[in-house]
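1. My questions are about this predicted structure, shown below with the sequence.
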Amino acid sequence: MNIPPVEFDLALQRDGFALTAAGVVPTGVTAVFGRSGCGKTTLLRCLAGFESGCTGQIRHGDVVWQSARVRQPAHRRQVGMVFQDARLFAHLSVRQNLGYAYKRRRGRGPDWHEVVAALGVEGLLDRWPAALSGGEAQRVALARALLTGPALLLLDEPLAALDYGRRREILPLIAGIPERFSIPVVYVTHSRYEVLELADRVMLMERGNIQAAGSVSEVFSNPDHWSLLGNMAPTVIWDAQVVARDNDWGLTILATDAGRLRLGGLDVRPGQSLRLRLTARDVVLVPGQPAVSSLLNTLSVQVDEINDYPRGVVHVRLRAGSGAVLWAEITRQAAAGLRLANGRRLYALIRPQVLRINH
Amino acid sequence: MSLSAVWISLQLASVTVLVLLVIGTPLAWWLANSRSRWRVPVDALVALPLVLPSTVLGFYMLILLGPAGPIGRFWVAATGETLTFSFTGLVITSVLYSLPFVVQPIRDAFAAVGRGPMEAAASLGARPIDAFFSIACPQSARGFLTAAVLGFAHTLGEFGAVLMVGGSIPGETRVVAIAIYEHVEMLEYGAAHTLSAGLLLFSFVVLVAVYTVNRARHPVLLR
């Protein structure tokens, strides 16, 4: 099915704050990431039609939601929204909350039973919102938003108020929405971890502007954005594909731009894609290929760039395989011992962290 | 005679509350949500009857509604009857006199609902008027109950304005409060006791009922 993207080019002026943002939301999960107060929630509210001072354009395929002449009110835009505080209607049961959305749906939308099953809210239908836990309330809010048949689903930090366990339950439900219901999702968060786990694409926001937009691996691996991301050390994100399983040793073989990697402890099938995170502190450099080591993955790398840092630390940019970039954080003394110089060939022992598994 | 005064009082209070719910609800919504610079003066205007002696209101109403007054003259031309010393005139006066007791609880209830649920309703495809009736009103049910009960009880207790605008025509404008005053003037303490105690008991029971409902953690009305 062909899902039209949502395109926007918006501006909003408020005392002491200006939002200027343009972009495209294709299918999949697009995370809007930034610090508190950077304007990400305001951007979402502009898209939903809740900010009366917002000027500019929003188009969904051929349908104009906002332009210089037209301004569709929120209830006419095909937008589903889930708020940080769920905002279930306290005077209606869960079933009535869902029915409220279902009765007012605009055009066709997903089937009631499919939504109720997908978000696991069958058992909650006869409960009252006040009797729901935070995680349950957010699942109901997600189901309610889906039942309106939205063309775009906006999620405003829906997991911010939940504990770690509840987040782990709900993240995969959200990640599955674009494919299962053919709806693009915009996900506002200030958690790096949620972007890496959930998003296909990311928009980085700072002081009311979109600083960068693109695939998560592209944006998060770019050193220009590390300070905004709050990285303690250089970090890159790699996309990987499961190519085979080594059942004798219980290992999974992954294909990456850096070459083949072997990882243990994964429950995946060939063909699935994974997202890997590699921080500079998980990389060990050695001058020759070690005969044996407890780290399984040894990559042949070439030194690309050496940056001196205070307190005796050096950040080394390395290239491996077909152009994959990784960084190592080592001491200046180790750098001298390894006789580091641009172009020098070394071996990197790495321990990547598995972040996201796409089914 | 006393019974007819009770009947007039109940009629007046019921009609006044109905009128006030109809005109007070949109006014309360506007006061709760408007960012207009007129909001504060209008809010103050609505609250005026709380602080003014009821004779002040009664005096101005007498002038406005009297056969020579701007509203009264129009009414006489249209209906052939005077507004002063009539039940209709009493209703108009009571509506103004009890306005804050109805508008303020509803306004506060609307404000407590806030923008959140209304935005959620809009995002679910509800037009503003739909969201108003399906979300704001039911969620403000306790405010409406308080408003209706306070408006009713306060209209029952009104004296000065009614006396000035309506006088004391038995079966037409003589309400309980005025009947009590006249009983006392004529030293009929027994009849005054009966009416006074009745009004006191009624008001107490009503207020206890309102406070009980408002304190309930899961009020029946809300569902």
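-> In hand now; what should we look at?
2. Just confirm residue A:188 is within a strand.
-> Yes - the assignment for residue A:188 is a strand, going by DSSP: H, G, I helix; E, B strand; the rest coil.
3. so which residue of the stretch 101-250 of chain A comes closest to chain B?
-> residue A:104 (3.7 Å; C-beta to the nearest C-beta). Yep, even glycine has a C-beta here, placed from its N, CA and C like the rest.
4. Provide a list of residues in contact with residue B:29.
-> Shown in contact with residue B:29 (C-beta atoms under 8 Å, 6 or more residues apart in numbering or on different chains): B:107, B:110, B:132, B:136.
5. Considering these, which possesses the most neighbours?
-> residue B:107 (25 neighbours; other C-beta atoms under 10 Å in any protein chain shown).
6. Mind telling me what element that one is part of?
-> Element membership of residue B:107 [criterion: DSSP states H and E] is helix B:87-113.
7. what's the angle between the lengthiest helix in chain B and helix B:87-113?
-> For chain B, the helix with the greatest residue count under DSSP state H is helix B:2-33. Helix B:2-33 and helix B:87-113 meet at an angle of 40 degrees, taking axes from the mean of the first three to the mean of the last three C-alpha atoms, to 10 degrees as the criterion.
8. Does anything pack onto the next helix or strand after helix B:2-33? Which helices or strands?
-> Under the assignment DSSP H and E, the closest C-terminal helix or strand after helix B:2-33 is helix B:39-51. Packed against helix B:39-51 by the contact rule (3 or more C-beta pairs under 8 Å, 6 or more residues apart in numbering or on different chains; DSSP states H and E) you find helix B:2-33, helix B:87-113.
9. okay, these in CSV with distance to residue A:243 next?
-> Listed next are the helices and strands packed on helix B:39-51 as CSV, based on distance: least, C-beta to C-beta, whole Å:
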stretch, distance to residue A:243
helix B:2-33, 60
helix B:87-113, 56
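10. what's the most buried one of these?
-> The highest average neighbour count among the helices and strands packed on helix B:39-51, using mean count of other C-beta atoms under 10 Å in any protein chain shown, belongs to helix B:87-113 at a mean of 22.
11. Would you mark the buried spots in stretch A:16-27?
-> Residues of stretch A:16-27 classed as buried by neighbour count (16 or more other C-beta atoms under 10 Å in any protein chain shown): A:19-21, A:23, A:25, A:27.
12. what does stretch A:337-347 give?
-> Under the neighbour-count criterion of 16+ other C-beta under 10 Å, stretch A:337-347 has A:338, A:340, A:344, A:346-347 buried.
13. Ok, stretch A:67-81 next?
-> Going by neighbour count (16+ other C-beta under 10 Å), the buried part of stretch A:67-81 is A:71-72, A:74-75, A:77-81.
14. Among those, which are located in strands?
-> In this view, those that belong to strands under DSSP state E are A:79-81.
15. pLDDT below threshold where in the chain?
-> Because you didn't say which chain, this covers chain A. For chain A, the stretches flagged by pLDDT under 70 are A:1-2, A:359.
16. Sorry, I should have been clearer: chain B.
-> Regions of chain B meeting the criterion pLDDT under 70 cover residues B:1, B:216-223.
17. same thing but 80
-> For chain B, the stretches with pLDDT under 80 are B:1-2, B:213-223.
18. Could you pick out the residues of the stretch 201-350 of chain A near chain B for me?
-> With the criterion set to C-beta under 8 Å from any C-beta of the partner chain, the stretch 201-350 of chain A never comes near chain B.
19. need the strands for the stretch 201-350 of chain A, in chain order.
-> Taking DSSP state E, counting those that start in this stretch, the strands of the stretch 201-350 of chain A run over residues A:201-206, A:209-215, A:235-246, A:251-256, A:259-264, A:273-279, A:283-286, A:297-309, A:313-320, A:324-331, A:345-350.
20. from these, which stretch is densest packed?
-> The most buried one of the strands of the stretch 201-350 of chain A (mean count of other C-beta under 10 Å) is strand A:201-206, showing a mean of 23.
21. how distant is it from the center of its chain?
-> Averaged C-alpha coordinates place strand A:201-206 at 10 Å from its chain's average position (C-alpha atoms, centre = their mean, to the nearest Å).
22. Residue B:130 sits in which helix or strand?
-> Here residue B:130 sits within helix B:128-131, counting by DSSP H and E.
23. ok, residues contacting whichever helix or strand comes after that helix?
-> Sequence-wise, the next helix or strand downstream of helix B:128-131 (DSSP H and E) is helix B:137-139. Helix B:137-139 is contacted from outside by A:89-91, B:109, B:113, B:117, B:144, B:222, using C-beta under 8 Å, 6+ apart.
24. roughly how far apart are residue B:113 and residue B:57?
-> 31 Å (C-beta to C-beta, to the nearest Å).
25. Next, count neighbours for residue 186.
-> All of this refers to chain A. Neighbour tally, residue A:186, other C-beta under 10 Å: 26.
26. that's the other chain; I wanted chain B
-> Counted with other C-beta under 10 Å, residues neighbouring residue B:186 total 10.
27. My guess is the residue of the stretch 101-250 of chain A closest to chain B contacts residue A:148. True?
-> Yes - between residue A:104 and residue A:148 there is a contact under C-beta atoms under 8 Å: 6.6 Å.
28. neighbour-wise, which of those two wins?
-> In this view residue A:104 and residue A:148 are compared by other C-beta under 10 Å, and residue A:148 has more residues nearby, 27 against 19.
29. how distant is stretch B:88-98 from the center of its chain?
-> On C-alpha atoms, centre = their mean, the centre of stretch B:88-98 falls 8 Å from that of its chain.
30. I should have written stretch A:284-303 there, sorry.
-> Centre-to-centre, stretch A:284-303 and its host chain are 31 Å apart (C-alpha atoms, centre = their mean).
31. Export the contacts of residue B:29 as a markdown table, with columns for distance to residue A:15.
-> Rendered in a markdown table, the data for these read as follows (distance: C-beta to C-beta, whole Å):
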| residue | distance to residue A:15 |
| --- | --- |
| B:107 | 27 |
| B:110 | 26 |
| B:132 | 29 |
| B:136 | 28 |
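32. Taking those together, which two end up most distant?
-> In terms of C-beta to C-beta, those reach their longest pairwise distance at B:107 and B:132, which sit 14.1 Å apart.
33. Quick one: list the elements packing against the helix holding residue B:107.
-> Packed next to helix B:87-113, using 3+ C-beta pairs under 8 Å, 6+ apart, are helix B:2-33, helix B:39-51, helix B:54-65, helix B:141-156, helix B:160-166.
34. Quick one: these as a markdown table, columns for distance to residue A:144 too.
-> Below are the helices and strands packed on helix B:87-113 laid out as a markdown table (distance: least, C-beta to C-beta, whole Å):
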| stretch | distance to residue A:144 |
| --- | --- |
| helix B:2-33 | 24 |
| helix B:39-51 | 33 |
| helix B:54-65 | 48 |
| helix B:141-156 | 22 |
| helix B:160-166 | 50 |
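35. quick one, helices of the stretch 1-150 of chain A?
-> For the stretch 1-150 of chain A, applying DSSP state H, counting those that start in this stretch gives helices covering A:40-48, A:94-103, A:112-118, A:134-147.
36. Against residue A:110, how distant is the residue of the stretch 101-250 of chain A closest to chain B?
-> Remark: distance between residue A:104 and residue A:110 (C-beta to C-beta) = 15 Å.
37. Now residue A:22. Nearest residue, chain neighbours left out?
-> Spatial nearest neighbour of residue A:22, excluding adjacent residues (C-beta to C-beta, 6 or more residues apart in numbering or on different chains): residue A:9 at 4.0 Å.
38. neighbours around that neighbour, how many?
-> So residue A:9, with other C-beta under 10 Å, has 16 neighbours.
39. partners of it in the sheet?
-> residue A:22, residue A:57 (DSSP bridges).
40. OK, contacts around it?
-> Going by C-beta under 8 Å, 6+ apart, residue A:9 touches A:21-22, A:56-57.
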